[in-house]
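Trainee: give me a model of this one.
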Amino acid sequence: MPASNQLLFEIFGHTFDWLAVGLGDSDEMDKLEVFSCGYNSKRSKIRLDFGIVSDKCVFPLYRSDITDMKTRIDLGTGDAASLPVQPNRISCQFVRPVDATFSYYKYNMSSKSSSLISVTRKMSGEGKFVILGQGMNLANTPNIGKHTHLPLRSPVRLTPMGNKATVYFSGIEAKVQTHGTLMTTFWLFLCGLSIVVARHSRPVLTQKLVKKQLWFLIHVCAMVIGYVIALAGFIYILVKQGEWETDSQVHGIFGVIGMSLGLINIIAGIFRPHPGTKHRSIFNRLHRWNGLLAMAFATVAIWLGATFESLRPEFRFWAVIVLAIYTGMQIIAMILFECLRIRAVRNKKLEGAISRRFELTDKSTESVAATNSEPEPKIKGKQLEHVSEGWLVAYACVFLALAAAFWAGLWMH
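Mentor: Just a heads-up that it's a prediction; the model follows:
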């Protein structure tokens, strides 16, 4: 147990290479004392670092894996190097005096000399702002790399409560979970359902509601409502991030292209040419292919977003499995439905040819023709449908289940 004038910190979280706590007199990333808990290059041990951030540079004062640096500052008995490494979990603890004076050498670039700097840091009184950071090491080294997310800042100063402070890092930030859920609701489920219904269910869902056929209502509602949900997720992450992150730039570019193409399709649908006009067939082709292209860009964006190194490995592994099944099943479904559609169109043409043949002959010719010709193929009514209701229900259930599996992984990790 720490003494009455000491504060025991415990830091723990999931599968990042390092977690850090910054204590400062403002909510800015400067003039901080920073305690970081991280893996060594072989991920076999946990090490504890302590340093002072000044002028956006870190001045290290302590590292638990370097002997001569362990004597520079007393961090109590909570040595991170002695703590066991737990699978997919990083944790360490340290003791900090409630009020402490730290000394470090600061190098002056202009004078080419170093000067000893002493800083008194007090947790008593007004307390400190707490800034939480997380990230990965530089490749094949134990050295801390850049933040993988914008640091989380406490809105107010925090003061010690008793002798213990616990800092917990979630594997996936709530804003990322919310963004991912909203975006995939549309792109993994509603968008595909809308496309399949519009392309393949017209001969099936012909019932009318509010003077519109059922297939058309499902197509429009799934597309518009889904796009509004995705747009909410898009705006939400922009507001929460506060800036465009270069680490996720490619993901963002593909996402913006997908959202833009989706918006173009919705606007074009509002101003579509009337049925039977010469421009309607051109519109139908462009509308369909633009929708598929938007879906493709969005799928790539989801793949990129779900495999960020800053996310927990368990989630990345789960996401890759779910997205691989989704991509494969989507391709298979599109090809299968297109084959069923081609067969239905051929059957319909054959039925039309048979009807015309009997209409254009008189009774005697018809009788001779019927006698001398091969038996006419029988065409079942269901063969004239592109896909049956059963196929549509199966499609909706499969892709809703895959989207739900993605959401479960996102929120459980």
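
Trainee: quick one: the strands in the stretch 101-250 of the chain, in order.
Mentor: Here the stretch 101-250 of the chain has its strands, by DSSP state E, counting those that start in this stretch, at 113-122, 129-137, 144-147, 152-153, 164-168, 208-209, 212-213.

Trainee: what's the least confident stretch among these?
Mentor: For those, the bottom mean pLDDT is recorded on strand 164-168, which sits at a mean of 50.

Trainee: kindly report the domain assignment for the chain.
Mentor: What automatic domain parsing lists as the domains of the chain is 6-168, 174-362+381-412.

Trainee: start to end distance for the last one?
Mentor: Think domain 174-362+381-412. 11 Å (Cα to Cα, to the nearest Å).

Trainee: just the residues contacting stretch 393-402, thanks.
Mentor: 188-189, 192-193, 196, 322, 325-326, 329-330, 333 (Cβ atoms under 8 Å, 6 or more residues apart in numbering). In short, each C-beta sits where N, CA and C put it, glycine included.

Trainee: list the buried residues in that stretch.
Mentor: 395-396, 398-399, 402 (16 or more other Cβ atoms under 10 Å).

Trainee: picking that back up, buried subset of the contacts of stretch 393-402, written for ChimeraX?
Mentor: Isolation of the buried members of these (16+ other Cβ under 10 Å) is achieved in ChimeraX through the command below:
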select :188,189,192,193,196,322,326,330,333
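
Trainee: before we move on, the earlier item: rank the domains of the chain by pLDDT, which is bottom?
Mentor: Among the domains of the chain, domain 6-168 has the lowest mean pLDDT, at a mean of 65.

Trainee: let me see the ranges of the helices in the stretch 101-250 of the chain.
Mentor: 174-184, 191-200, 214-241, 249-270 (DSSP state H, counting those that start in this stretch).

Trainee: what's the most buried one of those?
Mentor: Most buried of the helices of the stretch 101-250 of the chain, by mean neighbour count (mean count of other Cβ atoms under 10 Å): helix 191-200, with a mean of 23.

Trainee: what about S388, distance to I342?
Mentor: As for S388, its distance to I342 is 16 Å (criterion: Cβ to Cβ, to the nearest Å).

Trainee: what's the distance between F186 and I342?
Mentor: 29 Å.

Trainee: okay, those two: which has more neighbours?
Mentor: Shown here are F186 and I342; by other Cβ atoms under 10 Å, F186 has more neighbours (28 against 11).

Trainee: how about that one, what does it touch?
Mentor: Counting by Cβ under 8 Å, 6+ apart, F186 has contacts 226-227, 229-230.

Trainee: can you tell me which two in these are farthest apart?
Mentor: Y227 and I229 (7.3 Å; Cβ to Cβ).

Trainee: helix or strand: which one has the closest residue to V196 other than its chain neighbours?
Mentor: Closest residue to V196 apart from its sequence neighbours, by Cβ to Cβ, 6 or more residues apart in numbering: Y395 at 5.8 Å. In this assignment (DSSP states H and E), Y395 forms part of helix 389-412.

Trainee: angle of that helix against helix 214-241?
Mentor: Helix 389-412 runs at 10 degrees relative to helix 214-241, counting by axes from the mean of the first three to the mean of the last three Cα atoms, to 10 degrees.

Trainee: quick check: angle from helix 389-412 to helix 191-200?
Mentor: For helix 389-412 against helix 191-200, the angle by the same axes, to 10 degrees is 170 degrees.

Trainee: could you check the angle helix 389-412 makes with helix 174-184?
Mentor: 170 degrees.

Trainee: measure F94 to G305 for me?
Mentor: 34 Å.

Trainee: tell me the two of the contacts of stretch 393-402 that are most distant?
Mentor: Across the contacts of stretch 393-402, the two lying at the largest distance from each other (Cβ to Cβ) are V196 and V322, at 19.6 Å.

Trainee: pull the CA atoms of stretch 194-201 into PDB?
Mentor: Coordinates of each C-alpha in stretch 194-201 appear next as PDB, following Å, rounded to 0.1, in the frame of the first residue of the first chain:
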ATOM      1  CA  SER A 194     -32.500  -2.500 -51.800                       C
ATOM      2  CA  ILE A 195     -30.500  -3.400 -54.900                       C
ATOM      3  CA  VAL A 196     -31.700  -7.100 -55.000                       C
ATOM      4  CA  VAL A 197     -35.400  -6.200 -54.500                       C
ATOM      5  CA  ALA A 198     -35.300  -3.600 -57.300                       C
ATOM      6  CA  ARG A 199     -33.400  -5.800 -59.700                       C
ATOM      7  CA  HIS A 200     -35.000  -9.200 -59.100                       C
ATOM      8  CA  SER A 201     -38.400  -9.000 -57.300                       C
END
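
Trainee: so R343 is in which element?
Mentor: Per DSSP H and E: R343 is located in helix 313-359.

Trainee: elements contacting that helix?
Mentor: The helices and strands touching helix 313-359, judged by 3 or more Cβ pairs under 8 Å, 6 or more residues apart in numbering; DSSP states H and E, are helix 191-200, helix 280-306, helix 389-412.

Trainee: from the contact counts, what lies against the shortest one?
Mentor: What that stands for is helix 191-200. Secondary structure elements in contact with helix 191-200, counted by 3+ Cβ pairs under 8 Å, 6+ apart, are helix 214-241, helix 280-306, helix 313-359, helix 389-412.

Trainee: quick one on the thing from earlier: now distance to L209 too, for the buried residues of stretch 393-402, in a markdown table please.
Mentor: Formatted as a markdown table, those follow (distance: Cβ to Cβ, whole Å):
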| residue | distance to L209 |
| --- | --- |
| Y395 | 21 |
| A396 | 18 |
| V398 | 26 |
| F399 | 24 |
| L402 | 29 |
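
Trainee: quick one: which of those is nearest to S54?
Mentor: L402 (49.9 Å).
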